[in-house]
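please find the sequence and the predicted model below.
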Amino acid sequence: MSILLKNITLGLDEEEALLKEKAAAALRMAPGEISGLKIIRKSLDARKKNRIHFLYSLAVSLPPELEKQVLGSALPEISPLEESLPLPAIRIEKGPKERPVVVGTGPAGLFAALRLVESGAPPLIVERGKEIPERVKDVDRFWNEGDLDSGSNVQFGEGGAGTFSDGKLYTRLQEPRIAFILKTFCRFGAPEEILYLQRPHLGTDRLRRIILALRKYLQEKGAEYRFRTQLTGLEIHQGAIQGAILNDQIRVPASVLILAIGNGARDTFQMLSGFGVALEAKPFALGLRVEHPQKLIDRIQYGPSAGHPRLPPADYHLTFRSSQNRGVYSFCMCPGGLVIGAGSESGQVVTNGMSLFRRNAPWTNSALIVSVGPKDFPSQGPLAGIEFQRKWEEKAFLLGGRNFKAPAQNLLDFLNGRDPGPIRETSFQPGVSPARLQECLPSFVVEGLREALPVFNRKMPGFCSPEAVLIGVETRTSSPLRILRAEDFQSRTVRGLYPCGEGSGYAGGIVSSALDGIKAAEAIIKTWA
């Protein structure tokens, strides 16, 4: 057993080798009396720019008599360390004759599949897109040449949309399974630091290798993969799933189907609606990407310490409530990253952010978005949010020049309602076209952003800079609908259908989607145990 010691600080010029000495001083003992030390949590405190430092929580191992003595003292920063327990094994006693089907290889689908194989029920995993090596080629061709493959792109393919992202692994959720998720990433190649960093991330380069390693493991455990295979229909009998129709012609018998399709699978949502699966429109957010030079954001956030070799690329999180009572906020911030084209349908432009593990690009970007909801949609019904997204994506396509270039505008020109001037070089490929971005956004979104930007600039002086560029449009912030499900994770209208992950409308981001997939798999396994 170890004790938990909090609030140990290191200055920017102090090495982690000093942690043992500092821990001993805090515990009022000699360093030699500490038998072991492990970092549990590491964060950066940059609130006072003249005194930026790292803050640590440590697991400290001591001889039993010393541990008892320390825990009985009145020291304020110590407590017994509670170790996270492994997920309990749930062995399947009697499952169905046919294997479960998992649709989608994003975090929800992969972690659902992992839980299934390790409980003795290897699934059939179907993915409409291609394997990572081929998918990367298709995406690179789209970014460099504007040649979109509607079946293999940033939205569709092995690993889901997260394969081309910053690979953020933090969440506000407090849940014991999150430790399992992070340890699983380490098990398949992630660095150990993700277990203790306050805001861990993997980057698209590391994430790709981890997904390939996980696929190999799942296949070794009996899972079957089918790429370029789309769920195009359902076989339903007396309100229960009986089979899946793949690529419009292949029938696979299935009494259990995990639906982990991601929020961009618009044709699948349409199909589900046609088969009577209960759906409802839900709120999401819409806006633009803002890109700054990373050095500018470093200077704003770190002050005179900017450029210190131990400091990571600076990030930020900004929020505002508009006069129309709408949330306006930064989202999916990518330090040292790129703005990317993330469309999956012809005639549309969609932006997102991505970074590599080292976050060493010269730019930084974030979505700046405004909340929207069903009352804003021009039509009614569960698919109304998709219609709303398409409208603005199509306007961005036209405004950008009809060649997948994105419309862009200097932030100050947008803020002041001026015609677009020259645009500095941006990271976006296949390029940007100067445009009045108000023409590819709802008027209330434009108003919300123009209200918020001066406030953001007061919080971060220099944010509204001539060097800042806005790139449009950001629409895929979360699912525009929810696939209604009961507490047992089954669809409210089709038994045996288990919607989960971001596309279901119940999760967002890598960790929460993986968690949702695990819970869906466990709900299934318990019916068989």
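Here it is on my side, so go on. Residues are numbered from 1 along each chain as shown.

wait, doesn't residue 429 sit right on residue 143?
Yes - judged on Cβ atoms under 8 Å, residue 429 makes contact with residue 143 at a distance of 4.0 Å. C-beta coordinates here come from the backbone N, C-alpha and C atoms, glycine included.

by contact count, what packs against the lowest-mean-pLDDT helix or strand in the chain?
Ranked by mean pLDDT, DSSP states H and E, the helix or strand of the chain with the weakest confidence is helix 64-71, at a mean of 90. When contacts are defined as 3 or more Cβ pairs under 8 Å, 6 or more residues apart in numbering; DSSP states H and E, helix 64-71 packs onto strand 3-11, strand 78-80.

out of those strands, which gets the lowest mean score?
Among the helices and strands packed on helix 64-71, strand 78-80 has the lowest mean pLDDT, at a mean of 92.

let's test this: mean pLDDT of the next helix-or-strand element following that strand, rounded?
As assigned by DSSP states H and E, the chain's next helix or strand after strand 78-80 is strand 101-103. Regarding strand 101-103, the rounded mean pLDDT is 98.

residues making contact with strand 101-103?
Strand 101-103 is contacted from outside by 109, 112-113, 116, 123-126, 231, 244, 252, 254, 256-261, using Cβ atoms under 8 Å, 6 or more residues apart in numbering.

quick one: which of these sit in helices?
Using DSSP state H, the subset of those located in helices is 109, 112-113, 116.

touching, residue 11 and residue 53? I think so.
Yes - the pair residue 11 / residue 53 is scored as a contact, 5.3 Å apart, by Cβ under 8 Å.

more neighbours: these two, which one.
Neighbours were counted for residue 11 and for residue 53 using other Cβ atoms under 10 Å; residue 53 has more, 15 against 11.

wait, what's in contact with that one?
Contact analysis of residue 53 by Cβ under 8 Å, 6+ apart lists 9-12, 44-45.

beta partners of it?
residue 11, residue 45 (DSSP bridges).

that one and residue 13, how far apart?
Plainly put, residue 53 is 10 Å away from residue 13 if you go by Cβ to Cβ, to the nearest Å.

what number of residues lie near residue 275?
Around residue 275 there are 15 residues (other Cβ under 10 Å).

residue contacts, it?
Residue 275 makes contact with 233-234, 236, 494 under the criterion Cβ under 8 Å, 6+ apart.

do that again at 7 Å, thanks
By Cβ atoms under 7 Å, 6 or more residues apart in numbering, the contact set of residue 275 is 234, 236.

ok, it to residue 239 distance?
11 Å.

same question, residue 348
36 Å.

so these two - more neighbours on which side?
The residue with more neighbours, out of residue 348 and residue 239, is residue 348; 22 against 11, by other Cβ under 10 Å.

what does that one show for phi and psi?
phi -140, psi 150 (degrees, to the nearest 10).

excluding chain neighbours, what is closest to it?
Counting by Cβ to Cβ, 6 or more residues apart in numbering, residue 348 lies nearest to residue 393, which is 3.7 Å off, once chain neighbours are set aside.

where along the stretch 101-250 of the chain do the strands fall?
101-103, 124-127, 224-227, 231-237, 240-246, 250-253 (DSSP state E, counting those that start in this stretch).

looking at the ones you listed, which is buried most?
Using mean count of other Cβ atoms under 10 Å, the stretch among the strands of the stretch 101-250 of the chain with the greatest mean number of neighbours is strand 101-103 (a mean of 28).

okay, now residue 360: neighbour count?
Using other Cβ under 10 Å, the number of residues around residue 360 comes to 13.

doesn't it belong to a strand?
No - membership of residue 360 in a strand is not supported by DSSP: H, G, I helix; E, B strand; the rest coil, which gives coil.

now do the contacts for it.
Neighbours of residue 360 in contact, by Cβ under 7 Å, 6+ apart: residue 336.

same thing with residue 196?
Each residue near residue 196 by Cβ under 7 Å, 6+ apart is listed here: 39-42.

who wins for most neighbours among those residues?
Counting by other Cβ under 10 Å, top hit in the contacts of residue 196: residue 42 with 19 neighbours.

need the three-state assignment for that one.
Per three-state DSSP, the secondary structure class of residue 42 is strand.

verify the stated contact: it with residue 56.
Yes - counting by Cβ atoms under 7 Å, residue 42 does reach residue 56; the two are 5.5 Å apart.

ok, back up a step: could I get the helices and strands packed on helix 64-71 as CSV with distance to residue 182?
Listed next are the helices and strands packed on helix 64-71 as CSV, based on distance: least, Cβ to Cβ, whole Å:
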stretch, distance to residue 182
strand 3-11, 18
strand 78-80, 22
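
and these: which comes nearest residue 330?
Among the helices and strands packed on helix 64-71, strand 3-11 comes nearest to residue 330, with 27.8 Å by Cβ to Cβ.

list the buried ones in that closest one?
Along strand 3-11, these residues count as buried under the neighbour rule (16 or more other Cβ atoms under 10 Å): 3-5, 8, 10.

ok, so of those, who is nearest residue 226?
Of all the buried residues of strand 3-11, residue 226 sits closest to residue 4, with 46.3 Å by Cβ to Cβ.

if anything else comes up later, I'll come back, but that's it for now.
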